[in-house]
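*Asks:* Fold the following for me, if possible:
(one chain, ligands or ions: 1)
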Amino acid sequence: MTRILTVAAAQLGPIQRDENRASAVARMIELMRQAKGHGADLVVYPEAALTAFFPHWWIEDEDEIDSYFESAMPGNETAPLFAEAQRLGIGFHLGYCELAFEEGRKRRFNTAILVDKTGAIVGKYRKIHLPGHPEHRPDAPFQNLEKCYFETGNLGWPVWRTMDANLGMMICNDRRWPESYRSMGLQDVELIVLGYNTPKHNPPAPDHDRLGNFHNQLVMQAGAYQNASWVVGVAKAGLEAGVDQIGGSCIIAPTGEVVAQAVTEGDELVVARCDMDLGKSYKNSTFNFAKHREPEMYRLIVERKGAMGPEGG
Ligand code: CDT
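*Replies:* A predicted model of the protein is given here:
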């Protein structure tokens, strides 16, 4: 019997600075209802989906910083999203900014959760690759202060068995790094979901700007193919508080092919029926890790020994 998971990528257009969570959640619920109409089992929302992407601004006031974080999930404002998902019998993935009290102190993470069709949180991931810079750059057109506002994620890359499939998560910048995919590929992941907030302009390297959409797709298609997994990447797109962000939310098959893609920079749903067994032939042939992968050889190469003899290359 085939294992079809119908997945909806729920791209969000910009959330402006003065838009409250209730409004953002209402937009997400509208997309969730559309997804249900398409027979979706799982809806994937963007990174930090509840507010404008505040790491683009320098904020000094601690209370103001905290106001962009959730100290409970679900909390008062997100409870309607959970209730609707439960009513519709649909799972979802949500990126948000998490305020935690751990090890006797306040901690802030860029977090994502996986919620099953009963409304239960079955998985949590905290972003590991935090891009940008920790210090205020007053001369830059906008900031990229994730290193200032978040701690590095401390939960690794687990893979969860839920909805009859092996699911994993990463967040935005993680998608540019092969080890994010590989860590889950080694756990037989079948579907990786992620959200992103990616400015069209990269102030430290403006010559990369023309390639923003290409690189977005390149890394996710490569990660999907090399690990024989579905990858679903979902943007918060468009002009948000003066920062223009790419769209291009897409659903990518384990073949590396894009099977569905958003065409706007606003709220938009794209849906695909994803066969969770589609990656099997790749996992059993080209990417049979047990047969063809030689971790010991990689270690020797890194240590500049190995294939080229004890003198190194
Ligand atoms: N949110 C996030 O991680 N954004 C980064 C911007 C980096 S600029 C190349 C991203 O990788 O999309």
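*Asks:* The stretch 1-150 of the chain: helices as residue ranges?
*Replies:* 21-37, 62-66, 79-88, 146-149 (DSSP state H, counting those that start in this stretch).
*Asks:* Next, format those helices as a markdown table and append mean pLDDT, distance to the ligand and mean neighbour count.
*Replies:* In short, each C-beta sits where N, CA and C put it, glycine included. Below are the helices of the stretch 1-150 of the chain laid out as a markdown table (pLDDT from 0 to 100; distance: least, Cβ to the nearest ligand atom, whole Å; neighbours: other Cβ atoms under 10 Å):
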| stretch | mean pLDDT | distance to the ligand | mean neighbour count |
| --- | --- | --- | --- |
| helix 21-37 | 98 | 17 | 18 |
| helix 62-66 | 98 | 17 | 12 |
| helix 79-88 | 98 | 21 | 18 |
| helix 146-149 | 98 | 6 | 19 |
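*Asks:* Nearest to Arg126 among the ones you listed would be which one?
*Replies:* Nearest to Arg126 among the helices of the stretch 1-150 of the chain is helix 146-149 (12.1 Å), distances taken as Cβ to Cβ.
*Asks:* Mind listing what's buried along stretch 251-264?
*Replies:* Ile251, Ile252, Ala253, Pro254, Thr255, Gly256, Val258, Val259, Ala260, Gln261, Ala262 (16 or more other Cβ atoms under 10 Å).
*Asks:* nearest residue to the third one other than its sequence neighbours?
*Replies:* To tie it back to what came earlier, the one meant is Ala253. Val259 (5.3 Å; Cβ to Cβ, 6 or more residues apart in numbering).
*Asks:* distance of the one you found from the ligand?
*Replies:* 22 Å (Cβ to the nearest ligand atom, to the nearest Å).
*Asks:* Would you confirm that that residue contacts Ile251?
*Replies:* Yes. Judged on Cβ atoms under 8 Å, Val259 makes contact with Ile251 at a distance of 5.3 Å.
*Asks:* Can you name the residues of the stretch 1-150 of the chain sitting close to the ligand?
*Replies:* By Cβ under 6 Å from any ligand atom, the residues of the stretch 1-150 of the chain that approach the ligand are Glu47, Pro131.
*Asks:* measure Gly156 to the ligand for me?
*Replies:* For Gly156, the distance to the ligand - Cβ to the nearest ligand atom - is 18 Å.
*Asks:* Let me fix that, I meant to ask about Phe289.
*Replies:* For Phe289, the distance to the ligand - Cβ to the nearest ligand atom - is 27 Å.
*Asks:* got the contact list for that residue?
*Replies:* By Cβ atoms under 8 Å, 6 or more residues apart in numbering, the contact list for Phe289 reads Gly185, Leu186, Lys283.
*Asks:* For the residues you listed, which entry has the maximal number of neighbours?
*Replies:* Gly185 (26 neighbours; other Cβ atoms under 10 Å).
*Asks:* So what's the predicted local confidence for Tyr298?
*Replies:* Here the pLDDT value assigned to Tyr298 is 86.
*Asks:* measure it to the ligand for me?
*Replies:* Distance from Tyr298 to the ligand, by Cβ to the nearest ligand atom: 25 Å.
*Asks:* Flag every buried residue along the helix or strand hosting that residue.
*Replies:* Under the criterion of DSSP states H and E, Tyr298 resides in helix 295-302. Within helix 295-302, no residue counts as buried by 16+ other Cβ under 10 Å.
*Asks:* Same question for stretch 48-60.
*Replies:* Buried, per 16+ other Cβ under 10 Å, within stretch 48-60: Ala48, Ala49, Leu50, Thr51, Ala52, Phe53, Phe54, Pro55, His56, Trp57, Ile59.
*Asks:* what's the answer for stretch 217-237, then?
*Replies:* Those buried within stretch 217-237 under the rule 16+ other Cβ under 10 Å are 217, 219-237.
*Asks:* on that earlier part again, would you format the helices of the stretch 1-150 of the chain as a markdown table with distance to His133 included?
*Replies:* Shown next, in a markdown table, are the helices of the stretch 1-150 of the chain (distance: least, Cβ to Cβ, whole Å):
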| stretch | distance to His133 |
| --- | --- |
| helix 21-37 | 27 |
| helix 62-66 | 16 |
| helix 79-88 | 32 |
| helix 146-149 | 6 |
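*Asks:* Contact residues of the stretch 201-313 of the chain facing the ligand?
*Replies:* Close to the ligand, as judged by Cβ under 6 Å from any ligand atom, the stretch 201-313 of the chain has residues Asn202.
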